[in-house]
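Asker: when you get a sec, could you give me coordinates for this:
(2 chains)
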2 protein chains.
Amino acid sequence: MAPRDPALDPRVVRTHDDVLRAALDVLLEEGPHAVTHQRVADAAGYSKATVYTHWRTRHDLLRDAFTRLAQAPHHTPTGDLRADLVAELTAFRTAMEEHRLHRALAALVDLTPTVPGLAEVRDVVVTEGEQVLRGLLEPVFEGAEREAAVRMLAGGVLYGALLHGRLPDDDAIAASVDAVLRSRREP
Amino acid sequence: MAPRDPALDPRVVRTHDDVLRAALDVLLEEGPHAVTHQRVADAAGYSKATVYTHWRTRHDLLRDAFTRLAQAPHHTPTGDLRADLVAELTAFRTAMEEHRLHRALAALVDLTPTVPGLAEVRDVVVTEGEQVLRGLLEPVFEGAEREAAVRMLAGGVLYGALLHGRLPDDDAIAASVDAVLRSRREP
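Answerer: Below is the predicted model of the structure:
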C-alpha cells in the first residue's frame, strides 16, 4: 500500500480547519495583535507545536484564516432574476449573521496594508464572493454599468451592516434589488 | 480681564488637533495596539503628560480621534442634482485620497465592537457623512428607496475602495449616480 498523502488525511484537514477557524475567532474577539501561535493553539485546543508545523509565521496564519472566507455559501440561480438577486444578497446576510462575515471582511481590509500577501487573499475572497452576483447581472448590464451594479448591491449590504451597525432586513434587500433592476436601460 | 477659557485657547485647540491626528496616523500605520499615550505623544511631538492631561485612557484617545472624521469636507449643492451627486461622491473620494478616510472608516468599524462608546462615535460620523447625500436624494426618493439609494451610493464607493483596493475613477462615480437616477420611478 502506498503511504497516504498527509495533506489528504481527514485528521489533518480537520486540524487545519479547526486552527484557522480559531485564528479568525481570536482576531474578531481580541484584535489582530492577539493572533499568536500560542493564543490560537489554546483557542483551537491543539499544541503550539502543531500550529507551528502548519504555519511558520503569524502572517501565514492570518492569510490562511482569511482565505477560508472564500468558502462562504452562495445561492444557486434558478433563472428568476429578481428572486435570484434577492436570494444571493440574503445568503450574504446569512453569512454575516452566522459567521460574522462583515466583521471578518472589515478586519481583512484593515490588515491588508500591513500584512504581506494579504491583498492577494482579499482579491481571491472578493472575486469568489462576487461571482454569483456578477453572473446574474451579466445578461442585463454591460461594462461599467455592471461593475457599478455589483458595487452598489454588495457594497450597499456591507455598508449597512458595518456603518449603520445593523444587517439589512428583507425590505432593505428588496429595495436595493428593485432599484438596480429599475436602473436597466430601456431596450 | 476675565481669564480665557482654556478650551478656546488656540494653542490648546492646536495641541488637541495635533494629538488626535497623530493618534489616527499611528492607528492606520501600526494598528490599534500601537495607540498608547507614549507612542501618540512621540508621534505628535508632545510629552506623554500633555496627552494624559486631555485623554485619561487610550479608549478616550481613540473615540476623539475617530470623532475628527465627522469634519470631512463636503460638496455645497448647486441645484443640479446629477452634478451635485457626482461632486459629493467625488468629495468622498478626495477625503480617501488625501486623508485615507476609507481606511479610517474600516478601522472604526473594526474597533467598534471592542471599544466602549465607539458605536456612538460611528453613528455621529456616519450621520454627518451622509447628510449632504441624503439631502440631495430627499426630493426624488422616499422612505426605503431613499435609504437604499444612500447605501448604494456611499456603500458602492467605499466598497470599491476597500474590497477592490482602488478608489473609484470619475467614470465609476458617474455610472453609480446615473444608475441611481435611472432607478427613479416614473412620475
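Asker: please determine how far the residue nearest the centre of chain A is located from residue A:154.
Answerer: Central residue of chain A (Cα atoms, centre = their mean): residue A:69, 3.5 Å from the mean position. According to Cβ to Cβ, to the nearest Å, residue A:69 stands 14 Å off from residue A:154. Quick note: C-beta positions are derived from backbone N, CA and C, even for glycine.
Asker: any shared contact partners between the two?
Answerer: Common neighbours of residue A:69 and residue A:154, using Cβ atoms under 8 Å, 6 or more residues apart in numbering or on different chains, are residue A:129.
Asker: list the contacts for the nearest residue to the residue nearest to the centre of chain A once chain neighbours are set aside?
Answerer: Residue nearest to residue A:69 in three dimensions, not counting chain neighbours: residue A:125, with 4.7 Å by Cβ to Cβ, 6 or more residues apart in numbering or on different chains. Listed by Cβ under 8 Å, 6+ apart, the contact partners of residue A:125 are A:66-67, A:69-70, A:105, A:108.
Asker: could you rerun that using 10 Å?
Answerer: Contact analysis of residue A:125 by Cβ atoms under 10 Å, 6 or more residues apart in numbering or on different chains lists A:66-72, A:101, A:104-105, A:108, B:163.
Asker: got it, and residue A:91?
Answerer: Going by Cβ under 10 Å, 6+ apart, residue A:91 touches A:72-76, A:132.
Asker: tell me the phi and psi of it?
Answerer: Backbone torsions for residue A:91, taken as degrees, to the nearest 10, come to phi -60, psi -40.
Asker: tell me how far it lies from residue B:184.
Answerer: Counting by Cβ to Cβ, the gap from residue A:91 to residue B:184 is 29 Å.
Asker: cool, and residue A:110?
Answerer: If you go by Cβ to Cβ, the gap between residue A:110 and residue B:184 works out to 36 Å.
Asker: okay, the two: which has more neighbours?
Answerer: residue A:110 (24 against 15; other Cβ atoms under 10 Å in any protein chain shown).
Asker: can you read off the pLDDT for the more buried one?
Answerer: Note for residue A:110: predicted pLDDT of 93.
Asker: wait, it touches residue B:106, no?
Answerer: Yes. Between residue A:110 and residue B:106 there is a contact at 4.7 Å, judged by Cβ atoms under 10 Å.
Asker: what do the two both touch?
Answerer: B:28, B:162.
Asker: can you give me how far stretch A:92-105 is from the chain middle?
Answerer: 8 Å (Cα atoms, centre = their mean, to the nearest Å).
Asker: and that stretch, is it in reach of chain B?
Answerer: Yes. Counting by Cβ under 10 Å from any Cβ of the partner chain, chain B is contacted by stretch A:92-105 at A:100, A:102-103, A:105.
Asker: my guess is residue A:135 contacts residue A:84. True?
Answerer: Yes. The pair residue A:135 and residue A:84 passes the contact test of Cβ under 10 Å, sitting 9.3 Å apart.
Asker: quickly list what's touching both of the two.
Answerer: residue A:77.
Asker: out of those two, which sits in the busier spot?
Answerer: residue A:84 (19 against 13).
Asker: so what's the more buried one up against?
Answerer: A:75-78, A:132-133, A:135-136, A:177.
Asker: distance of it relative to chain B?
Answerer: For residue A:84, the distance to chain B (Cβ to the nearest Cβ, to the nearest Å) stands at 18 Å.
Asker: again with residue A:182
Answerer: 4 Å.
Asker: one step back: considering the contacts of residue A:125, which possesses the most neighbours?
Answerer: residue A:105 (28 neighbours).
Asker: what helix or strand is that one on?
Answerer: helix A:101-111 (DSSP states H and E).
Asker: from the chain's centroid, how far away is the helix or strand just after that helix?
Answerer: Toward the C-terminus, helix A:101-111 is succeeded by helix A:118-137 as the next helix or strand (DSSP H and E). A distance of 9 Å separates the centroid of the chain from that of helix A:118-137, by Cα atoms, centre = their mean.
Asker: pLDDT (mean, whole number) over helix A:118-137?
Answerer: Here the average pLDDT along helix A:118-137 is 97.
Asker: name the next helix or strand downstream of that helix, please.
Answerer: Per DSSP H and E, the helix or strand that comes after helix A:118-137 is helix A:143-163.
Asker: for that following helix, packing partners?
Answerer: Judged by 3 or more Cβ pairs under 10 Å, 6 or more residues apart in numbering or on different chains; DSSP states H and E, helix A:143-163 is in contact with helix A:81-99, helix A:101-111, helix A:118-137, helix A:170-182, helix B:101-111, helix B:118-137, helix B:143-163, helix B:170-182.
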